[in-house]
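K.L.:
pasting a predicted model and its sequence here:
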Amino acid sequence: MKELVQKRLEHIRKEEFGDILRVQSAAMKAVHDRMWKHRIAHLTPVMLSTITDPLNHSVEDASLHYGGQKLELTKSMILHKQLAVGRKDIKGIYIVSPNVRLERGHCASTGRHLLEFSQVDIELRGASAKDFMLFMESLYVYVLTFVKRECWEELGRLGRELKVPGAFPVYESDALRAEYGEDFERIASEKAETPFWITGYLREFYDRQDPKSGKHINYDLFYPEGFGEALSGGEREYEYSRIVQKMEERKTDLSSFEPYLEAARSGALVPSAGGGFGVERMVRYLTGREHVKDVVLFPRVPGEEIVF
């Protein structure tokens, strides 16, 4: 234990963390400023709930029992975001939300996964996929421009040169899969020189699917240079019958989402589009670090022992 504690202390004391945290502070200031300018309301996070994101991949259970209820630690606030933008006086909302996802140990090697991380979760009422993608492109350009201007000394010491993108290319997931195989996301990210979108994923029940064409109306934003996925999102299903149909297709336990389904049945959900991006992944990209743990003072890496 003594050696492990000393190793963790060496990590905390790394000289470069002063510059990394300065870059992170600048990036988050830019995010908050942009949201304020566009009148996007700031919500505080929900950490315990009877419902949370089911995710489209398997993770270990992160729940507890309190007062006779089973409560989930938040994997993302997607379902709460939908409920929040049901208010007619809200144009959109965002949360800097702590998320807990107990990923399997093999995820440690990706350089992108942590057991807990902070996600900027955004939802825009009445927005289309195109609306949200354009909003996020302008946000990323603003953040990159601000960080490049305000943190040029820190970036210089970190050996990082940032490029502010112009256009954000858009690719269909099926087309990239046909070209590169099942590992298309990694390959496309390694080949790219600018951030880009991939659309049309088969995913969770809440991402909208056109009932006529069958097209999945969602999107992921990817960093270039092999830094991988930045953001995941989509237009949302809001009609009770469609949500139930998609849950049944995915063999989702309807009883686990009873409060959410009751809200949908009562008409509390409205058309919206949104997405969420990891703060740590953004900082990793901005600073050019090898692994997301390199930008976190107290990283929780899948498969690694937690000390502090």
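P.N.:
Everything's here; your move.
K.L.:
list the buried ones in stretch 286-297?
P.N.:
286-287, 289, 291-296 (16 or more other CB atoms under 10 Å). For glycine as for every other residue, the C-beta is placed from the backbone atoms N, C-alpha and C.
K.L.:
should've said stretch 157-166
P.N.:
For stretch 157-166, by 16+ other CB under 10 Å, it's 158, 160, 162, 165.
K.L.:
using CSV, list the CA coordinates for the helix or strand bottoming out on mean pLDDT in the chain.
P.N.:
Least confident element among the helices and strands of the chain, by mean pLDDT, DSSP states H and E: helix 2-12 (a mean of 93). Extracted as CSV, the C-alpha positions of helix 2-12 are listed here (Å, rounded to 0.1, in the frame of the first residue of the first chain):
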residue,chain,number,x,y,z
LYS,A,2,2.8,2.4,0.9
GLU,A,3,4.4,2.1,-2.6
LEU,A,4,1.0,2.5,-4.2
VAL,A,5,0.2,5.7,-2.2
GLN,A,6,3.6,7.2,-3.1
LYS,A,7,3.0,6.4,-6.8
ARG,A,8,-0.4,8.2,-6.7
LEU,A,9,1.2,11.2,-4.9
GLU,A,10,3.9,11.4,-7.6
HIS,A,11,1.0,11.5,-10.1
ILE,A,12,-0.7,14.4,-8.2
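K.L.:
I'd like the next helix or strand past that helix.
P.N.:
Later in the chain than helix 2-12, the nearest helix or strand by DSSP states H and E is helix 17-37.
K.L.:
give me the distance from that next one to the chain's centre.
P.N.:
17 Å (CA atoms, centre = their mean, to the nearest Å).
K.L.:
how about stretch 222-238?
P.N.:
The answer for stretch 222-238 is 7 Å, by CA atoms, centre = their mean.
K.L.:
closest to L55 out of the buried residues of stretch 286-297?
P.N.:
V292 (18.0 Å; CB to CB).
K.L.:
that's a helix at L286, yeah?
P.N.:
Yes. Counting by DSSP: H, G, I helix; E, B strand; the rest coil, one finds L286 located in a helix.
K.L.:
for L21, see how far away it is.
P.N.:
12 Å (CB to CB, to the nearest Å).
K.L.:
excluding chain neighbours, give the residue nearest to F298 in space.
P.N.:
F308 (5.5 Å; CB to CB, 6 or more residues apart in numbering).
K.L.:
isn't that neighbour up against K7?
P.N.:
No. Under the criterion of CB atoms under 8 Å, F308 is not in contact with K7, lying 11.3 Å apart.
K.L.:
thinking again about what came up before, same list (the buried residues of stretch 157-166) but as TSV, adding pLDDT and secondary structure.
P.N.:
TSV is the format used below for these (pLDDT from 0 to 100; DSSP: H, G, I helix; E, B strand; the rest coil):
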residue	pLDDT	secondary structure
L158	98	helix
R160	98	coil
L162	96	coil
P165	95	coil
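K.L.:
of the residues you listed, which pair is most distant in space?
P.N.:
L158 and P165 (19.7 Å).
K.L.:
can you tell me the closest non-neighbouring residue to P45?
P.N.:
S97 (4.1 Å).
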